[in-house]
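Peer 1: I would like the atomic coordinates for the input below:
(one chain, ligands or ions: 2)
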Amino acid sequence: MLEEVKKSLESSPIVKKGDYNYFVNPISDGVPAMDPKMLRELSLVVHKHADLDIDKIVAVEAMGIHLATALSLATDIPFVVIRKRQYGLEGEKQVYQKTGYGSSNLYINDLHPGEKILLIDDVVSTGGTLIALIKTLEDLGLEIKSTVAVIEKGEGKEIVEKETGVEVLSIIKLDVIDGKVVIEKTIED
Ligand SMILES: O=P(O)(O)OC[C@H]1O[C@H](OP(=O)(O)OP(=O)(O)O)[C@H](O)[C@@H]1O
Ligand code: HPA
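Peer 2: Ligands and ions are numbered 1, 2, ... in the order given. Model (predicted):
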């Protein structure tokens, strides 16, 4: 399992965003094109390891959406997207997100106290995004049954777990070393 995913990640080009070494890959960017086999495989692995006793899958825009869609199709569980767009709907909650190379506001809609959720995103790196979201979702009274970051870059998972007390399920751990993606482990190893 995950051999194609590992190969694809290892061949990711690295681009600089300021000082930040940003890898470009189908999972995290949709560039180059995603092989559906790879997406199916990732969805299967999440399916196997995550707690799916949930009401909703919650995707983070933009690059959690395809992962949530694949999981939703495989499980028949509905998904909702935490958007970068503000709608001004009643109950909409704004969250400030800061990453290693930028920041923006995120907007939470259609999540209600007591609902059980799986939160999914493509990458955890500085942890800024997941920390802000987990804290807000808990304040809103949501029960986070699983938090999935398909790719764990550097110390992202530990940072989030230390700051929130919530476990992060990561499928592949990697780092960017000397201008290359180095895979450190996968959940299947
Ligand atoms: O752990 P962090 O340092 O917070 O980084 C992780 C976040 O960065 C990326 O999002 P980005 O804001 O680039 O948006 P995108 O999904 O629209 O590419 C990624 O999709 C995560 O949401
Ligand atoms: O290096 C990265 N590549 C793609 N997406 C990301 N999100 C945070 N860091 C990265």
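
Peer 1: going forward, measure contacts between C-alpha atoms and count neighbours the same way
Peer 2: Will do.

Peer 1: Dihedrals phi and psi, the residue at minimal distance from the centre of the chain?
Peer 2: Central residue of the chain (C-alpha atoms, centre = their mean): Asp121, 1.3 Å from the mean position. Here is the backbone geometry of Asp121 (degrees, to the nearest 10): phi -140, psi 170.

Peer 1: Quick one: residues contacting the residue in the chain positioned nearest to ligand 2.
Peer 2: Going by C-alpha to the nearest ligand atom, ligand 2 is nearest to Tyr22 of the chain, at 3.3 Å. For Tyr22, the contact set (C-alpha atoms under 8 Å, 6 or more residues apart in numbering) comprises Ile14, Val15, Lys16.

Peer 1: Now do the longest helix along the chain, average pLDDT.
Peer 2: The helix that spans the most residues within the chain, counting by DSSP state H, is helix 36-49. Per-residue pLDDT values over helix 36-49 give a mean of 97.

Peer 1: Other residues contacting it?
Peer 2: Met1, Leu2, Glu4, Val5, Ile27, Leu67, Ala70, Leu71, Ala74, Val148, Val150, Ile171.

Peer 1: what sits up against the next helix or strand after it?
Peer 2: Remark: after helix 36-49, the chain's next helix or strand is strand 56-60, criterion DSSP states H and E. The contact list for strand 56-60 (C-alpha under 8 Å, 6+ apart) reads 65, 67-68, 72, 77-83, 115-121.

Peer 1: circling back: list the buried residues of the longest helix of the chain.
Peer 2: Within helix 36-49, the residues that count as buried by 16 or more other C-alpha atoms under 10 Å are Met38, Leu39, Glu41, Leu42, Ser43, Val45, Val46.

Peer 1: same thing with stretch 135-150?
Peer 2: Buried residues in stretch 135-150, defined by neighbour count with 16+ other C-alpha under 10 Å: Thr136, Leu137, Leu142, Glu143, Ile144, Lys145, Ser146, Thr147, Val148, Ala149, Val150.
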